[in-house]
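J.: Here's my sequence, what's the structure:
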Amino acid sequence: MRALAFWLAMAGTALAFDPKSPMFETPFTRPVGPDAPLKPKPGDPPGDLAYGAYQRGYYLTALREAEKRLAANSKDGAAMTLIGEIYHDGLAVKRDDEEAARWWRLASSFGDAQGAYEYGVALLSGAGVASDKARAREEFIKAAEKGISGALYNLGVLALQEGGGDKPDYAAAATFFRRAADAGDGEAAYSYGVLVREGKGVALDTDEAAKWLKAAADENVIAGQVEYGIMLFNGVGVARDESGAARLFQLAASRRNPIAQNRLAHLYMTGRGVPKDVVRAALWNGLAKAAGLTDDKLDAAIGILSAEQLDKVKELARREGEF
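T.: So this is what the prediction gives:
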């Protein structure tokens, strides 16, 4: 449920936007936090009361049912993993990372793939247990061997962090990301797409990169929406589609991505991909600036707005709840 949370910037990142410029790089990222409720896995008993209660939000019942399962079978790794999840998130019990890590370690020792993955994340982040990257990698390998795509993703990120001699192992990272992407992992599709686009660890292929970045965008990965939007706008690896790019920037901008907000501001200022609207350009530029992304060119253009136009910006912000 939780994945590695590190920003791994690629060389050449720049913040200035030029509609004719090459693609803009964003770093690999994956936020820590549950991305979906735990669900019964293949092989779980039909009508599993513990997982069913968990999914419906009856967390104390889920805990009690998981404890019943352990009373009947002291090697029930799936029940251990669920108990760890409940303690980690503080659901019907006091949050306790040490207790969560203990349950996940036990679950992993009894062969539960999700438990191994969760314990690997705990080891990596030092949540409830001493940080240990080597042991975390071992847990991710165990989980990856049983089809946990998040474990493959994290192995890819670890390969980028400390491949060999503290140098990124792009080839290993590309392999892990591709396997996770093939399993439907959106963040992995994004990461693999970036490596393919840059020719790092794999042959450079802009058409292939566009395919994987689109897959990431389709999975609502914000960085994927931004990167594929830029490729659409520039017609790199895919047919040029400024309107399609604008739609993707709108999606990412509405999720508070400052890069997308900046690009959307430029599109509204120039009327490319969207109707020209200096008021909306000013709105999105203001949001990007509030997030720390300044743009002198936009500031200069917006600086000549009339008092009436500035009032419209404020009204639009109030109406749409942007500020």
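J.: which outside residues touch the helix or strand harbouring residue 283?
T.: For residue 283, the host element (DSSP states H and E) is helix 278-290. With contacts defined as Cβ atoms under 8 Å, 6 or more residues apart in numbering, helix 278-290 is touched by 253, 256, 258-259, 261-262, 264-269, 294-295, 298-299, 301-302, 305, 309-310, 312-313, 316-317, 320, 322-323. (Each C-beta comes from the backbone N, C-alpha and C, glycine too.)
J.: just checking, next helix/strand downstream of it?
T.: Past helix 278-290, the next helix or strand by DSSP H and E is helix 296-302.
J.: in that next one, what's buried?
T.: Across helix 296-302, burial judged by 16 or more other Cβ atoms under 10 Å covers 298, 301-302.
J.: Including distance to residue 276 and pLDDT, could those residues go into JSON lines?
T.: Formatted as JSON lines, the buried residues of helix 296-302 follow (distance: Cβ to Cβ, whole Å; pLDDT from 0 to 100):
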{"residue": "298", "distance to residue 276": "14", "pLDDT": "91"}
{"residue": "301", "distance to residue 276": "12", "pLDDT": "84"}
{"residue": "302", "distance to residue 276": "13", "pLDDT": "80"}
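J.: how about the residues you listed in TSV, adding distance to residue 200?
T.: Formatted as TSV, the buried residues of helix 296-302 follow (distance: Cβ to Cβ, whole Å):
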residue	distance to residue 200
298	32
301	36
302	38
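J.: which stretches of the stretch 1-150 of the chain form helices?
T.: Remark: helices assigned in the stretch 1-150 of the chain by DSSP state H, counting those that start in this stretch are 49-56, 59-72, 77-89, 97-109, 113-125, 133-145, 149-161.
J.: on contacts alone, who are the packing partners of the first one?
T.: Secondary-structure packing of helix 49-56 (3 or more Cβ pairs under 8 Å, 6 or more residues apart in numbering; DSSP states H and E): helix 59-72, helix 77-89.
J.: and among these, the most buried is which?
T.: Stretch with highest mean neighbour count among those: helix 77-89 (a mean of 25; mean count of other Cβ atoms under 10 Å).
J.: Give me the pLDDT value at residue 22.
T.: pLDDT recorded at residue 22 is 30.
J.: Make 16 the first number, not 1, from now on.
T.: Right, with 16 as the first residue, what we last looked at is residue 37.
J.: thinking again about what came up before, can you redo the helices of the stretch 16-165 of the chain as CSV with mean pLDDT and distance to residue 235?
T.: Shown next, in CSV, are the helices of the stretch 16-165 of the chain (pLDDT from 0 to 100; distance: least, Cβ to Cβ, whole Å):
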stretch, mean pLDDT, distance to residue 235
helix 64-71, 93, 21
helix 74-87, 96, 27
helix 92-104, 97, 22
helix 112-124, 98, 27
helix 128-140, 97, 21
helix 148-160, 96, 24
helix 164-176, 95, 16
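J.: separation between the closest residue to residue 236 other than its chain neighbours and residue 126?
T.: Nearest non-adjacent residue to residue 236, counting by Cβ to Cβ, 6 or more residues apart in numbering: residue 201, 4.4 Å away. Distance of residue 201 to residue 126, computed by Cβ to Cβ, to the nearest Å: 27 Å.
J.: Compare these two (neighbour count), which wins?
T.: For residue 201 versus residue 126, neighbours defined as other Cβ atoms under 10 Å are more numerous around residue 201 (22 against 13).
J.: Are we agreed that residue 319 is in a strand?
T.: No: according to DSSP: H, G, I helix; E, B strand; the rest coil, residue 319 belongs to no strand; its state is coil.
J.: Share the number of residues neighbouring it, please.
T.: Residue 319: 8 surrounding residues under other Cβ under 10 Å.
J.: hang on, the earlier thing: any idea how far the helix holding residue 298 is from the chain center?
T.: 25 Å (Cα atoms, centre = their mean, to the nearest Å).
J.: so for that helix, what's the average pLDDT?
T.: Taken as a whole, helix 293-305 has a mean pLDDT of 90.
J.: buried sites along it?
T.: Judged by neighbour count using 16+ other Cβ under 10 Å, the buried positions of helix 293-305 are 293-304.
J.: List just the nearest of those to residue 79.
T.: Among the buried residues of helix 293-305, residue 302 lies closest to residue 79 (Cβ to Cβ), at 46.3 Å.
J.: per-residue confidence at the closest residue to residue 270 other than its chain neighbours?
T.: Once flanking residues are discounted, residue 270 sits nearest to residue 237: 5.5 Å by Cβ to Cβ, 6+ apart. Note on residue 237: pLDDT of 97.
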